[in-house]
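> I need the structure of the sequence given here:
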Amino acid sequence: MKNKKCEVLSKVVLLLSIILLFMSSPTHEDEIALPSEVDDEHKSFQTYIVHVKKPESIIPMQLDEVESWYQSFLPVTKPSLNMQPRMVYPYQHVITGFAASPKFLGLQQGMGFWNESNLGKGVIIGVLDTGITPHHPSFSDQGMPPPPAKWKGKCEFKGMACNNKLIGARTFKKLNRGKVVSHSNPPLDEQGHGTHVSSTAAGNFVEGANVLGNAKGTAAGTAPLAHLAMYKVCSKEGCAVSALLAAFDTAIEDGVDILSISLSVGGGPVQYFFNDVIAIGAFRAIQRGIFVSCSAGNIGPLNHTVANTAPWVLTVGSSTTDRSIRVTARLGNGEEFDGESLFQPTNFNSASLPLVYAGDIASTPFCNLGTLNDVNVTGKVVLCEGGGGQAGIVRGEQVKKAGGSAMILMNDELDSFSILADEHVLPATHVSYADGLKIRAYINSTSKPVASVLFKGTVIKKSAAPMVSSSSSRGPSLASPGILKPDIIGPRINILAAWPTVTRESNGSLNSNIFHALRHLNVLCSSKWHCSFAQELPSRLVTFCH
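Residues are numbered from 1 along each chain as shown. A predicted model of the protein is given here:
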């Protein structure tokens, strides 16, 4: 009876751990797309995924033998026009088939199962993304055991970049203007997203983590003793679907236990499963006992925008947390409105300053690039509206150039209550749409509106959470409306995790801070209290079973 209880409890723990582990998704403005692999000029070089029926009594073959067999289906086996190989990728696991020029598309489906494993130690997590920053302290192998004997993956970094934490890192080619090319400096992360996703999933413990002095604590991924394998399938130019499917194939061969997919091909026209490369690859992964977690997308709050809706993947929406990097706007009538900003200067004067609405002094209320060029707001607090397609930091730069002392950025109606903590270049606060309307009404109610901006730092457990973020894609699924998606929600807003680029100090200067608060949907342990739930579950399981 005790063993049965352990087995049931372990399944519950694993499910909860996965729910906490893979919530990664790019922001709307940083959406990582899966574009067409060729432009109009090179349509003749379009890549097709060719499905071949596997012989029922075939002797197991090595990949080179499989590739030779696939080549026999092609009329030309040498590089064709412009030196473009006819064979792009031979697939062995996700499908029986290959990516090549003959026009054909197919899919063989089957059942899959989930491999039970204890969260963390001994688990191999594969991440398909933009690469990784191998020497980041989140990927230190201090306290890490060697990888399991089943691991067959490779490390394409030169030198000693891989270790017992980062046990594999590979890059996959993509088509660029009809030619097969390689990413520069193969698995290295040139965008930051892959590093961020990997550290939130399985980053090792890093003490003293913070961003500009905010959210101080010990950073760690949800599975800090799990092994990581990065499969770089995206570059600044985008992600090739043939490379993505090849990464699935390699990850299956390498022996990963879990796959985290922070990419999506949904959110637009209906993406049926037989045309969805993520659904196809995940289906084969599930058959091999590999659990697959995918993001729901970031095109909310509109209906029918959810991506990755195949029933065999865990589809994760995004939510808020109970932590804020708080900045309060206090109006002349005594009303206060809480917002957020990573920029928390310690020497800013909290006295009341004249308050103006951008819509009253400029051609638009958005404070977009160039709209405040002929406006003088020296010494004033400027209320800017959201919308208009530019980041909050850009709006703040415009206010600062016009002489403004501070900015209040209000959400647009669509984003509603989901506010972001940005690295602003001047004192600023980002407030909800409802609060912004109240501030605007106050400006219209008096001849001399004033406001002060109060910086309060990191505040915990003072806000209702979790709530579904406005950007989280919504169902129902157009491809399969009978299946409720997303399956769950997880923390996404203002998440602290590893980042390979620089951030601004509180005085406006740049610092190569190793952590960056990003608006990607990732589970984060940014401090000890946020890590406690994920870490305590497996420890209780061990105590119960032993």
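> can you point out the buried residues in stretch 157-165?
Within stretch 157-165, the residues that qualify as buried by neighbour count (16 or more other C-beta atoms under 10 Å) are 157, 161, 162, 163, 165. Every C-beta, even on glycine, is put in place using the N, C-alpha and C of the backbone.
> please apply the same query to stretch 200-209.
Buried residues in stretch 200-209, counted by 16+ other C-beta under 10 Å: 200, 201, 202, 203, 204, 205, 206, 209.
> go on, stretch 358-370?
Buried residues in stretch 358-370, counting neighbours by 16+ other C-beta under 10 Å, are found at 358, 359, 361, 362, 365, 366, 367, 368.
> quick one: mean pLDDT for that stretch?
In this model, stretch 358-370 has an average pLDDT of 93.
> on that earlier part again, which among the buried residues of stretch 200-209 gets closest to residue 271?
Within those, distances to residue 271 taken as C-beta to C-beta reach their minimum at residue 201, with 25.0 Å.
> show the backbone phi and psi for that closest one.
Comment: the main-chain dihedrals of residue 201 come out as phi -80, psi -50, following degrees, to the nearest 10.
> right, and it touches residue 223 too?
Yes: Residue 201 is in contact with residue 223 according to C-beta atoms under 8 Å; the separation is 6.6 Å.
> residue 422: neighbour count?
Other residues within reach of residue 422 by the criterion other C-beta atoms under 10 Å amount to 23.
> next one: the one 4 residues further on
The local packing count at residue 426 equals 21, with neighbours defined by other C-beta under 10 Å.
> which ones are touching it?
Taking C-beta atoms under 8 Å, 6 or more residues apart in numbering as the criterion, residue 426 is in contact with 343, 396, 399, 400, 404, 405, 406, 407.
> out of the residues you listed, which are inside strands?
Counting by DSSP state E, the contacts of residue 426 place 406, 407 in strands.
> what about the stretch 1-150 of the chain, any weak spots by pLDDT?
With pLDDT under 70 as the threshold, the stretch 1-150 of the chain has low-confidence stretches at 1-119.
> what bridges to residue 317?
Following DSSP bridges, residue 317 is listed with bridge partners residue 489.
> convert the C-alpha atoms of stretch 478-485 to CSV, please.
This file holds the C-alpha atoms of stretch 478-485, laid out as CSV (Å, rounded to 0.1, in the frame of the first residue of the first chain):
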residue,chain,number,x,y,z
LEU,A,478,-9.8,26.8,-33.8
ALA,A,479,-8.1,23.6,-34.7
SER,A,480,-9.8,21.5,-32.0
PRO,A,481,-12.5,23.5,-30.1
GLY,A,482,-13.6,20.4,-28.2
ILE,A,483,-10.3,20.4,-26.3
LEU,A,484,-10.0,23.0,-23.6
LYS,A,485,-6.8,25.0,-23.9
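> pLDDT of that stretch, averaged?
The predicted model assigns stretch 478-485 a mean pLDDT of 86.
> residues of it that come out buried?
Taking 16+ other C-beta under 10 Å as the criterion, stretch 478-485 shows 478, 479, 480, 485 as buried.
> what strand or helix carries the residue lying closest to the third one once chain neighbours are set aside?
It refers to residue 480. Take residue 480 and drop its neighbours on the chain: the residue closest to it by C-beta to C-beta, 6 or more residues apart in numbering is residue 309, 5.8 Å away. Following DSSP states H and E, one finds residue 309 outside all helices and strands.
> relative to residue 477, how far out is residue 309?
4 Å (C-beta to C-beta, to the nearest Å).
> which neighbours do the two share?
Here residue 309 and residue 477 have 483, 485 as joint contacts, going by C-beta under 8 Å, 6+ apart.
> please say which of these two ends up with more neighbours.
residue 309 (29 against 26).
> residue contacts, that one?
Residue 309 sits in contact with 266, 315, 475, 477, 479, 480, 483, 485, where contact means C-beta under 8 Å, 6+ apart.
> tell me which element the second one falls in.
Using DSSP H and E, the secondary-structure element containing residue 315 is strand 314-319.
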